[in-house]
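**Q** with the sequence up front, the predicted model follows.
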Amino acid sequence: MQIDRRAFLATLGTAAAINAMSSEALADALEQHAAQKLDAETTTNELKMRRGAGSLFGAPGPLNDPTELKKLESMPDKPTLVDFFQYRFAPATHVLQSATDAMRKGEKEEMVLACLIHDTVQNLIKVDHGWWGAQMYEPYVSEKVSWGLRYHQALRFYADPSVGYEYPELYNRIYGKDYVPPAYIKRAYEYARNHKSYMDARMITVHDLYAFDPTMKVSLDPFIDIIGRHFKQPKEGLGYDNSPVAHMWRTMIFPNNPL
Ligand SMILES: [Fe+2]
Ligand SMILES: [Fe+2]
């Protein structure tokens, strides 16, 4: 740990006060200063290590776009979903790849939209992103889409050979080969598995491409019309429509505002 001598001396007061201190008192003060600095550094490092925070807050993690903090540009007064893609979710490679795959394979437009937005809430928070994502999008998409978002998180851990979904090799690397999902994930899977909307969530996992394919050129352009047809953009702008989830969008507009 580096101690800044000037900064340390400044904590002690005037030059006269420092001169009046015994060498023992100075040594004690130095030790206390070092301990406080170490505490501060440890706290900062621990905070950086909370991997469940969203990418906008600097959390690293798999499927993340660049791990350094995104440069924050101010957003338009009435932000649309497209604005969020441009100003807060970009480059959004993973979800664009998923949506591109869904579109190429001829999925219905609502499924393409679901793939396009399925992990975008990870910019806000990564913990239980299926549930958070479903909640954040619920007022603006059909029930099929929000239901799919909610349960794709649990379904990822369970294979379904009928649609060619295998347990992702990536998870063996992330979670270890012997990983058993928590009981609440297993319950959510079993509930979803027997639900009439099962495929609305399952197909999101089928198009959830974990390996970055450098030959796949992705852009939001092919999806603008689908967003227009299936996303109920509030006229006041996301974050300002007084919906029960407006604060979640505002948090992404202003991730640097405490309180
Ligand atoms: Fe996901
Ligand atoms: Fe995903």
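**A** On my side now, so go ahead. Ligands and ions are numbered 1, 2, ... in the order given.
**Q** tell me the residues of the stretch 51-200 of the chain that contact ligand 2?
**A** Asp119 (C-beta under 5 Å from the ion). No exception for glycine: its C-beta is placed from N, CA and C like everyone else's.
**Q** pLDDT below threshold where in the chain?
**A** Low-confidence segments of the chain, defined by pLDDT under 70, are located at 1-11, 13-18, 22-49, 61-68, 211-212.
**Q** residue boundaries of the helices in it?
**A** With DSSP state H as the criterion, the chain has helices at 5-10, 15-19, 23-48, 81-84, 93-104, 109-117, 129-137, 143-155, 169-175, 183-193, 198-206, 224-230, 246-253.
**Q** can you tell me which residues contact the residue in the stretch 51-200 of the chain positioned nearest to ligand 2?
**A** Using C-beta to the ion, the closest approach of the stretch 51-200 of the chain to ligand 2 is made by Asp119 at 4.2 Å. Applying C-beta atoms under 8 Å, 6 or more residues apart in numbering, we find Asp119 in contact with Leu63, His94, Val95, Ser98, His129, Gly133.
**Q** output stretch 235-247 as CSV, nothing but the C-alphas.
**A** Once non-C-alpha atoms are left out, stretch 235-247 reads as follows in CSV (Å, rounded to 0.1, in the frame of the first residue of the first chain):
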residue,chain,number,x,y,z
LYS,A,235,-45.3,8.5,-25.0
GLU,A,236,-43.8,10.2,-21.9
GLY,A,237,-40.6,8.1,-22.4
LEU,A,238,-39.4,5.0,-20.5
GLY,A,239,-38.8,6.1,-16.9
TYR,A,240,-41.3,8.9,-16.9
ASP,A,241,-44.7,7.2,-17.6
ASN,A,242,-45.5,6.7,-13.9
SER,A,243,-45.7,2.9,-14.4
PRO,A,244,-44.8,0.6,-11.5
VAL,A,245,-41.5,0.0,-13.1
ALA,A,246,-40.6,3.5,-14.2
HIS,A,247,-37.9,3.8,-11.5
